[in-house]
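**Q** fold the following.
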Amino acid sequence: MCKKSPVVGYVSLIKEGTAGKMAALNWKPFVYGGLASITAECGTFPIDLTKTRLQIQGQTNDANFKEIRYRGMLHALVRIGREEGLKALYSGIAPAMLRQASYGTIKIGTYQSLKRLFVEHPEDETLLVNVVCGILSGVVSSTIANPTDVLKIRMQAQSSTIQGGMIGNFINIYQQEGARGLWKGVSLTAQRAAIVVGVELPVYDLTKKHLILSGLMGDTVYTHFLSSFTCGLAGALASNPVDVVRTRMMNQRVLRDGRCSGYTGTLDCLLQRSLHPLWSSNSQP
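**A** Down below sits the predicted model:
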């Protein structure tokens, strides 16, 4: 009887290990994550638009946004719908969906895949593993999707009477500001994503695990909704100051020669804001 070569056995082990790792990197988290992100974006977009309008108002260095037009989220929803039409509440929905198709897909898919590379079974996950995987996936996905974020914010900030389509705004930004305009605020976007994902996804996992293991709730749709609500609230509270600065930096126009009438940088934007306005609206992922 012929004995199996040690080399053949070693190669077999390598193949099995590689196959195991590749199995962890399956496509399902990416597809499901992208679909879930797009669906959530469509359902909550009017709230996201009011968030942007609230964050950019009251800028003393920009005449277009100097006036305080909205007293809060509900007032903004009613006033925008009344003055600009209900269609205006979905201004920028195209780049928002494109953003979620890229950012949401990569974020959730990468997060789940990274966790399986660190630990094989979900019950073995720790807070440190979840936070590290969340931060890494958030930074990578937000950096890639930054141009769609700039487009979304610019279109949300415009009045419906002067707004163009996604392609028109893309061309306008590129012609006026160059490729750098599409990557404006990328460092702030990465910081915000690191905070949001580093808080949201671990809080979601920990909340769901606690509810199930403690016997308070089973693995039902209600458990997932409660976990999602908790993690969304935590992520919004943690990231809103960075989100206000990021939105204002992305919204200001810079010409090719570098001239800009707005903020000179992140620190300048922070110095011109008091502590309270940094929480001037709820943030969204």
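**Q** which intervals of the protein have sub-threshold pLDDT?
**A** Counting by pLDDT under 70, the ranges of the chain that qualify are 1-25, 159-163, 254-262, 264-266, 272-285.
**Q** going along the chain, name the strands of it.
**A** Assigned by DSSP state E, the strands in the chain number zero.
**Q** which stretches in it count as helices?
**A** Under the criterion DSSP state H, helices of the chain are mapped to 6-24, 28-56, 73-84, 93-99, 105-118, 127-144, 146-157, 166-177, 179-182, 186-213, 221-251, 266-271.
**Q** so which of the ones you listed is nearest E67?
**A** Closest to E67 of those is helix 28-56 (CB to CB; 11.0 Å). Every C-beta, even on glycine, is put in place using the N, C-alpha and C of the backbone.
**Q** next, the angle helix 73-84 makes with the closest one.
**A** Interaxial angle of helix 28-56 relative to helix 73-84 (axes from the mean of the first three to the mean of the last three CA atoms, to 10 degrees): 80 degrees.
**Q** who does helix 28-56 touch, helix- and strand-wise?
**A** With contacts defined as 3 or more CB pairs under 8 Å, 6 or more residues apart in numbering; DSSP states H and E, helix 28-56 has these neighbours: helix 73-84, helix 93-99, helix 105-118, helix 146-157, helix 221-251.
**Q** closest to G215 out of these?
**A** Among the helices and strands packed on helix 28-56, if distance is taken as CB to CB, the winner is helix 221-251, at 11.7 Å.
**Q** other SSEs contacting the closest one?
**A** By 3+ CB pairs under 8 Å, 6+ apart, helix 221-251 packs against helix 28-56, helix 146-157, helix 186-213, helix 266-271.
**Q** so what's C231 up against?
**A** Counting by CB atoms under 8 Å, 6 or more residues apart in numbering, C231 touches 199-201, 203-204, 207.
**Q** can you rerun that using 7 Å?
**A** 200-201, 203-204, 207 (CB atoms under 7 Å, 6 or more residues apart in numbering).
**Q** these two touch, right, V119 and V132?
**A** No - between V119 and V132 there is no contact under CB atoms under 7 Å: 11.5 Å.
**Q** now V242: how far from L182?
**A** 20 Å (CB to CB, to the nearest Å).
**Q** these two - which one has more neighbours?
**A** Using other CB atoms under 10 Å as the criterion, V242 and L182 rank with V242 on top: 21 against 17.
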